[in-house]
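[1] give me coordinates for this.
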Amino acid sequence: DKQKVDGILYMDTPGLADDKMRKQAAAAVTEALKQDGDYQIFFVMTEESGRIRPDDKTTMKLILDACGPVEYSIIVNKVHPKWKQTMSDPPTFEKWRTTLLDGLPSMTNSIYFLTNDKDLEYEDDVKYKAPAEVLEFIQKAPRTVIKSEAVQEVQTDAFAKEKEQMEERIRLMQESAELVRQ
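    Below you'll find the predicted structure:
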């Protein structure tokens, strides 16, 4: 989806987790990255009991591999308020962030936790008005210049293997954290 607002082009591309739509999604992401310009890249992932979904990490890795070293941001969507509170503890957040970014080609400190909005559950085509703090996060998010000639095709054939590796990395990080805690 593309929308131009106040001279700024916004592009919303699909994720890569859907087996049936993966090649089309990768083509849409590749096309979006080949527009030559100043970008703000946002990966939107969901929080599920504080766990990091390997699908989300795999999507981020394959896209970051395709566009080279870039600045980006992460929005963790549908966050439970209690879990968001635990992320306000710096050591807890850093442990979670380390697990999330482990294995990705570049790191980011630009992460925002968006609390679950019960009013939006099971609704279609709702016009959403983002809270001021979300808009501020978006405005302050890092920018990166991407030249089309630097962009490679997003490698969908690697998704299953990368996902398996991400699952293993997450498992090992969690085991290590548990050993340290003990």
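
[2] right, and Asn116 touches Lys78 too?
    Yes: the pair Asn116 and Lys78 qualifies as a contact (Cβ atoms under 8 Å) at a distance of 4.5 Å. Yep, even glycine has a C-beta here, placed from its N, CA and C like the rest.

[3] what does whichever helix in the chain runs longest contact?
    For the chain, the helix with the greatest residue count under DSSP state H is helix 159-181. Helix 159-181 has contacts (Cβ atoms under 8 Å, 6 or more residues apart in numbering) with 16, 22, 52, 54-55, 57-58, 61-62, 95, 98-99, 102-103.

[4] may I have it exported as PDB, CA atoms only?
    Taking Å, rounded to 0.1, in the frame of the first residue of the first chain, the C-alpha atoms of helix 159-181 are listed here in PDB:
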ATOM      1  CA  PHE A 159      13.200 -18.300   4.700                       C
ATOM      2  CA  ALA A 160      12.800 -21.800   6.100                       C
ATOM      3  CA  LYS A 161      16.500 -22.400   6.700                       C
ATOM      4  CA  GLU A 162      16.900 -18.900   8.300                       C
ATOM      5  CA  LYS A 163      13.800 -19.400  10.400                       C
ATOM      6  CA  GLU A 164      15.200 -22.700  11.700                       C
ATOM      7  CA  GLN A 165      18.500 -21.000  12.500                       C
ATOM      8  CA  MET A 166      16.700 -18.100  14.300                       C
ATOM      9  CA  GLU A 167      14.700 -20.600  16.400                       C
ATOM     10  CA  GLU A 168      17.900 -22.300  17.400                       C
ATOM     11  CA  ARG A 169      19.600 -18.900  18.200                       C
ATOM     12  CA  ILE A 170      16.600 -17.900  20.400                       C
ATOM     13  CA  ARG A 171      16.600 -21.200  22.200                       C
ATOM     14  CA  LEU A 172      20.300 -21.000  22.900                       C
ATOM     15  CA  MET A 173      20.100 -17.400  24.100                       C
ATOM     16  CA  GLN A 174      17.200 -18.400  26.400                       C
ATOM     17  CA  GLU A 175      19.200 -21.300  27.800                       C
ATOM     18  CA  SER A 176      22.200 -19.200  28.400                       C
ATOM     19  CA  ALA A 177      20.100 -16.600  30.200                       C
ATOM     20  CA  GLU A 178      18.600 -19.300  32.400                       C
ATOM     21  CA  LEU A 179      22.100 -20.600  33.300                       C
ATOM     22  CA  VAL A 180      23.200 -17.100  34.200                       C
ATOM     23  CA  ARG A 181      20.100 -16.600  36.300                       C
END
